[in-house]
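# no sequence on hand, only this structure:
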């Protein structure tokens, strides 16, 4: 028997002497292969002792002010025989009473990784303020530089949100999407202009912004490894709304942040900076929940210029006043505060801009705490001036998507697994996790030979891999012709229907999957070096869709294209960035692509790009599951403390001269009794 100690927020809690505490561990389960798991316990009971009542602040008494918040998980750790075993979090489920007196607290322990969803909550990608450090002006010259220059963290790919591009060396019409460049008179001003295009950001920068915003650290096994080209070379197109970046009448209006801070709802406010904005604060209210009124005051230096006021919460527009002038106030009568990341922006279309001197943007709060009246003020610490140039702020243009959904989509895309090690979230592909150095444990002497079973390893007959976003023009045409989604694959045993108890299992990525087009000269039929994406629907209308991921490829000494610099001006470009579903334009360089199915490559018109997501990240695991010799073996074993303490989920198990990998293990931490689900190595 082991002695179990449980610490909640550094307090050792009292346990019932006969309480059974079991912990279940699984890294990826054959019954639900798209989910990432971590250890958790069944709900167990703690006595309502003096120590536990103090820790949980007599939770059963809801009249207590400032009582224990049972809505959130809190830090905890488990020790076995006073040896640290697991770190994680505890969730209070409730209190059981006997004769109207507290008797039992019911709690559940969770592993560290599961807290990621709690930490990220429902925040959108727009809440990742660090991305704005990459923001650039949105004008002809800047877009041209990012379309033609070397591939960096922010680029412009040849993807149009509305205009159809083509290449015709003979017929010319002003203003259309003909990319052929010629210097003759008449109808020569055609091609692509900056307002037809949008920026794209490297996915790795989104990962870094998540780390910064939530104080996380991911390992460099997959995400931050610049040599991992399959991920590092991927970009997200910054497409927040269908069609233009924003209405044409606002293209020249620039917004600037003048105040940025975090209202936590409790404790000390957290100060930060955006675009070099600095902040000055007076005495803070120790419990901002006591605030009963607030007033935001903005005083520009020029009272005759019209400007807009925008207030954002967690990167989303929360409140605005438009076309105002002079001193303006916003009070608690306009909206109520709640916890979150708050920022204030001002903007004007006036070519002279508008200036707010240091201290002229002020947010004041008043309230009582413990009968003490407090006044707290946040104010701008530097002078801020806007101009008539539109800035492409990334947090305002990034697709609407929850941070947790973005991470989940990437995990499913590359079949990743995650666990916490010394405070770092280790992210690896499942194949590399199982291939890593591990221990083989012989459990023959510990097994209960009277209870075991050998079951079918896979409960579903077919696995469907696809993208949710298949609504663009060419992708729709492909699906109608091929009767399957672009880049999708349905995997079954030798393409035969498998007689399984369950139906099909779906892995459906929350991203758009665009089919690109390599242009030919419609006059001659000759191929060009131009590959282009048309982001419209089946009716050839501007389309919103899901967030689009792609690989950029820079073409140099390429087929010249016409870039519109104005209504009656254009220039010739011989270097530009094209979008691609494959990481290279030649399979001899790389076969990596982001299809699940081996599709005909849009640029080369062949099927040599065999490095699909399924082939590179799923095939080994899935084919082993479908192997006719694969079984799910269930056994019970009474493990010694050394094995309980050191067992890892990528370790192997030796039983009856056979080797197994661990599908899951449920262990009673006091008795050592463990229920194993094992998959035989085939």
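Nice, thanks for sending it over. Computed from a prediction, not measured in an experiment: that's the story for all the values here.
# for residue 70, which residues are in contact?
59, 91, 92, 94 (C-beta atoms under 8 Å, 6 or more residues apart in numbering). The way it works is simple: take the backbone N, C-alpha and C, and place the C-beta from them, glycine included.
# check what pLDDT the spatially closest residue to the third one that is not a sequence neighbour gets.
The shortest distance from residue 92 to any residue that is not its chain neighbour, by C-beta to C-beta, 6 or more residues apart in numbering, is 4.4 Å, and that residue is residue 70. Residue-level confidence at residue 70 comes out at 84, pLDDT.
# ok, now how distant is residue 70 from residue 587?
56 Å (C-beta to C-beta, to the nearest Å).
# the protein: helices as residue ranges?
For the chain, the helices defined by DSSP state H cover 50-55, 115-120, 140-148, 203-214, 229-232, 394-397, 403-413, 430-435, 473-482, 613, 619-626, 641-646.
# per-residue pLDDT, residue 561?
Value for residue 561, per-residue pLDDT: 98.
# who's in contact with the spatially closest residue to it that is not a sequence neighbour?
Leaving aside its sequence neighbours, residue 561 sits nearest to residue 179 (C-beta to C-beta, 6+ apart; 4.3 Å). If you count contacts by C-beta under 8 Å, 6+ apart, residue 179 has them with 165, 166, 167, 191, 192, 519, 530, 561, 562.
# over to residue 358?
Residue 358 touches 379, 380, 381, 382, 383, counting by C-beta under 8 Å, 6+ apart.
# which of those residues count as buried?
Burial by neighbour count, judged by 16 or more other C-beta atoms under 10 Å, picks out 379, 380, 381 from the contacts of residue 358.
# what's the separation between the last one and residue 258?
Put plainly, it is residue 381. 10 Å.
# same question, the second one
Applying C-beta to C-beta, one obtains 5 Å for the distance of residue 380 from residue 258.
# I figured residue 311 hits residue 342, correct?
Yes - if you go by C-beta atoms under 8 Å, residue 311 and residue 342 touch, sitting 6.9 Å apart.
# so what's in contact with the two at the same time?
residue 318.
# ranges for the strands of the stretch 1-150 of the chain?
4-8, 11-12, 22-25, 40-41, 44-47, 74-80, 83-98, 101-111, 136-137 (DSSP state E, counting those that start in this stretch).
# check which helices and strands the second one sits against.
Looking back up the chat, that one is strand 11-12. Counting contacts by 3 or more C-beta pairs under 8 Å, 6 or more residues apart in numbering; DSSP states H and E, strand 11-12 packs against helix 50-55.
# so what's the residue lying farthest from the centre of the chain scoring on pLDDT?
Here the chain reaches farthest from its C-alpha mean at residue 185, the gap being 49.9 Å by C-alpha atoms, centre = their mean. Predicted confidence (pLDDT) for residue 185: 78.
# look up how far residue 573 lies from residue 522.
20 Å.
# pick out whichever of the two has more residues nearby.
Using other C-beta atoms under 10 Å as the criterion, residue 522 and residue 573 rank with residue 573 on top: 20 against 15.
# so that one touches residue 145, yeah?
No - applying C-beta under 8 Å, one finds residue 573 not in contact with residue 145, separated by 11.0 Å.
# so what's residue 577 up against?
146, 147, 148, 151, 155, 156, 157, 158, 552, 553, 554, 555.
# what's the burial count for the closest residue to the second one other than its chain neighbours?
Beyond its immediate neighbours in the sequence, the residue positioned closest to residue 147 (C-beta to C-beta, 6+ apart) is residue 156, lying 4.1 Å away. Around residue 156 sit 24 other residues, with neighbours defined as other C-beta under 10 Å.
# same check on residue 17?
So residue 17, with other C-beta under 10 Å, has 7 neighbours.
# OK, contacts around it?
Residue 17 neighbours (C-beta under 8 Å, 6+ apart): none.
# distance of it from residue 672?
17 Å.
# next: residue 604.
59 Å.
# which residue is nearest the middle of the chain?
residue 406 (2.7 Å).
# next one: stretch 346-362 to chain centre, how far?
Between the centre of stretch 346-362 and the centre of its chain there are 34 Å (C-alpha atoms, centre = their mean, to the nearest Å).
# can you check stretch 216-224 too?
The answer for stretch 216-224 is 13 Å, by C-alpha atoms, centre = their mean.
# ok, residue 434 to residue 17 distance?
40 Å.
# then residue 411?
41 Å.
# just residue 236 next, same as before
55 Å.
# now swap in residue 169 and tell me
88 Å.
# domain parsing for the chain?
What automatic domain parsing lists as the domains of the chain is 1-112+628-682, 252-389.
# just give me the lowest mean pLDDT stretch among those domains.
domain 252-389 (a mean of 72).
# count the neighbours of residue 376 for me.
18.
# that one reaches residue 364, doesn't it?
Yes - between residue 376 and residue 364 there is a contact at 7.2 Å, judged by C-beta under 8 Å.
# how about residue 473: what's its closest non-neighbour residue?
Going by C-beta to C-beta, 6+ apart, residue 473 has residue 536 as its nearest residue, at 5.3 Å.
# next: residue 538.
residue 476 (4.5 Å).
# what's across from residue 236 in the sheet?
Per DSSP bridges, residues listed as beta-bridge partners of residue 236: residue 201, residue 549.
# tell me who's in contact with residue 428.
Going by C-beta under 8 Å, 6+ apart, the list of residues near residue 428 reads 219, 221, 222, 416, 417, 418, 436.
# from the residues you listed, list the buried ones, please.
The buried subset of the contacts of residue 428 - by 16+ other C-beta under 10 Å - is 219, 221, 222, 416, 417, 418.
# among those residues, name the least confidently predicted one.
residue 418 (84).
# isn't that residue up against residue 425?
Yes - counting by C-beta under 8 Å, residue 418 touches residue 425, with 5.6 Å between them.
# now the residue nearest to residue 315 when sequence neighbours are not counted: how far from residue 95?
Take residue 315 and drop its neighbours on the chain: the residue closest to it by C-beta to C-beta, 6+ apart is residue 126, 3.1 Å away. Distance of residue 126 to residue 95, computed by C-beta to C-beta: 39 Å.
# right, I'll leave it there.
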